[in-house]
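**Student:** no sequence for this one, just the structure:
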Ligand code: BES
Ligand code: MN
Ligand code: ZN
């Protein structure tokens, strides 16, 4: 299939004739387009039937003004259409870049091809043929374009890995399995060291939150620490903490089925931070960065933790459990404290499918961001803007949230774990003390971590949200 990009004023790329398609000459395309009314609006797709060929093998796709968002739309639509044709055997897509494309656009297009075209399938189930070759047609490439292509490939490969981890059902993807996958994949990178702590080590290091949350499951918890430290590392130690609940039943405060069904995705934050380290290593970025992932299954059994229990976290802070379904913050608390006290973090960012309230506030396409440091917040928001991931900063200052702190009080512990509305912000307030005085950002991805359908670069299931933002942020220096 050939997907001709049509600009807002009907403009076609001057290199269309080089699109390796002998049948299609640009004048013919321009004439056919004029008849279809495709004015180049992003989101538009028109068949241009060529006599003697499959009627859908040539399509015109709107690319508007050619902004990065327009390019993502063009590529996603073309790839999605090509995937349906691939099921009938046509597994090749020719994708000319629009007129005026620069190196940055090559990266945008490369990521969009691989992300919109990504499919997860259990190896045990048969699957139809899928898109196999994509030919990007661009003006003669300089070093910058080749570099952009490689960066796009590395970034998208990492995002797809995160998606596959999220997609793997909870019966397979238990804490030990995720830890093994992390060890296996990151072993390919000489500058990455991965260590995994099991229950005995977690007990001696004081992980009271992680052990309690994982205590009801037959699959014991793990902590993965993956550190990328190249010789040329400049700047501070950035530690990315990701929530790794491999399945969230809610525990004895059990969820209803409608809310439990998708909870194999409750380790999306953990998958994201592991994928960031993978991408950073592939890209060879000169940054010292670690991923810390507390992995547990929040299940219910005779050994499960219960409301009323008082837990002691790494570093000694205590929590009164009021709701065993507010488990994410309990495992993040230990991991943040461990990052600060044992790993000598200079900057902390956590990523978590933490609260239904974040999704209620912002919907399923936008991540919620809290930060104690404006430079950190601005850097993350800017990186998100460049990658097409959308974030919204939530308040954490005294004026806005000071009065909420009393809701965290407990008669028996330093805090309780279910401090009430506004639930996404009170969860952030619960976590804040564990970051101490370090610059800290908290990313709640309960909305955008999974997609209900195929939209833009997302396919149904795990989206890999936050990976591209964090990779871009680290490319820009990371703090
Ligand atoms: N994993 C859930 C949050 C979630 C909900 C993620 C929906 C994605 C979609 C989390 O562990 C949870 O259950 N949070 C509770 C907290 C409450 C009990 C204080 C929630 O949001 O209801
Ligand atoms: Mn929960
Ligand atoms: Zn959860």
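**Tutor:** On my side now, so go ahead. Remember, predicted model here, so these are calculated numbers, not experimental data. Numbers count the residues shown, from 1 in each chain. Ligands and ions are numbered 1, 2, ... in the order given.
**Student:** Taking the stretch 51-200 of the chain, what residue is nearest to ligand 2?
**Tutor:** Closest approach between the stretch 51-200 of the chain and ligand 2, counting by CB to the ion: residue 170, at 13.5 Å. The C-beta positions use only the backbone N, C-alpha and C, and glycine is treated the same way.
**Student:** now the helices for the stretch 51-200 of the chain?
**Tutor:** Counting by DSSP state H, counting those that start in this stretch, residue ranges of the helices within the stretch 51-200 of the chain are 68-86, 103-116, 143-167, 175-186, 199-204.
**Student:** how many degrees apart are the first one and helix 103-116 in direction?
**Tutor:** Per axes from the mean of the first three to the mean of the last three CA atoms, to 10 degrees, the angle that helix 68-86 makes with helix 103-116 is 40 degrees.
**Student:** Over to the fourth one?
**Tutor:** Angle between the axes of helix 175-186 and helix 103-116 is 140 degrees (criterion: the same axes, to 10 degrees).
**Student:** which residues sit against helix 175-186?
**Tutor:** Helix 175-186 has contacts (CB atoms under 8 Å, 6 or more residues apart in numbering) with 161, 165, 168, 192, 194, 196, 214, 219-222, 224, 226, 244, 246, 267, 270-271, 274, 277-278, 281, 293, 295-297.
**Student:** thinking again about what came up before, kindly state the pLDDT recorded for the nearest residue to the residue of the stretch 51-200 of the chain closest to ligand 2 once chain neighbours are set aside?
**Tutor:** Spatial nearest neighbour of residue 170, chain neighbours left out: residue 247 (3.5 Å); criterion: CB to CB, 6 or more residues apart in numbering. Model confidence at residue 247, expressed as pLDDT, equals 98.
**Student:** Could you give the number of residues near residue 247?
**Tutor:** The number of residues packed near residue 247 is 21, by other CB atoms under 10 Å.
**Student:** how's the protein carved up into domains?
**Tutor:** Taking automatic domain parsing as the domain assignment, the ranges for the chain are 2-139, 165-475.
**Student:** end-to-end on the shortest one?
**Tutor:** Start and end residues of domain 2-139 are separated by 17 Å (CA to CA, to the nearest Å).
**Student:** residues making contact with stretch 469-479?
**Tutor:** Counting contacts by CB under 8 Å, 6+ apart, the residues outside stretch 469-479 that touch it are 151, 155, 158, 235-236, 238, 240, 272-273, 276, 279-280, 283, 285, 287, 289, 346-347, 349, 351, 367, 375-376, 379-380, 382-384, 386-387, 389, 391, 439.
**Student:** and the residues you listed, which of them are in strands?
**Tutor:** Residues of these located in strands (DSSP state E): 235-236, 238, 240, 287, 289, 347, 349, 351, 367, 391.
**Student:** Tell me, how many residues neighbour the closest residue to ligand 2 within the chain?
**Tutor:** Each residue of the chain has a distance to ligand 2, by CB to the ion, and the smallest belongs to residue 325, at 3.9 Å. By the measure other CB under 10 Å, the count of residues near residue 325 is 20.
**Student:** Same check on residue 452?
**Tutor:** Using other CB under 10 Å, residue 452 is surrounded by 10 other residues.
**Student:** Now it. Nearest residue, chain neighbours left out?
**Tutor:** With CB to CB, 6+ apart as the criterion, residue 452 has its nearest non-adjacent residue at 6.7 Å, and that residue is residue 460.
**Student:** Show me the shaky parts of this protein.
**Tutor:** Judged by pLDDT under 70, the chain has its weakly predicted residues at 19-23.
**Student:** Get me the contact residues on it for ligand 2.
**Tutor:** Contacts of the chain with ligand 2, taken as CB under 5 Å from the ion, map to 248, 325, 327.
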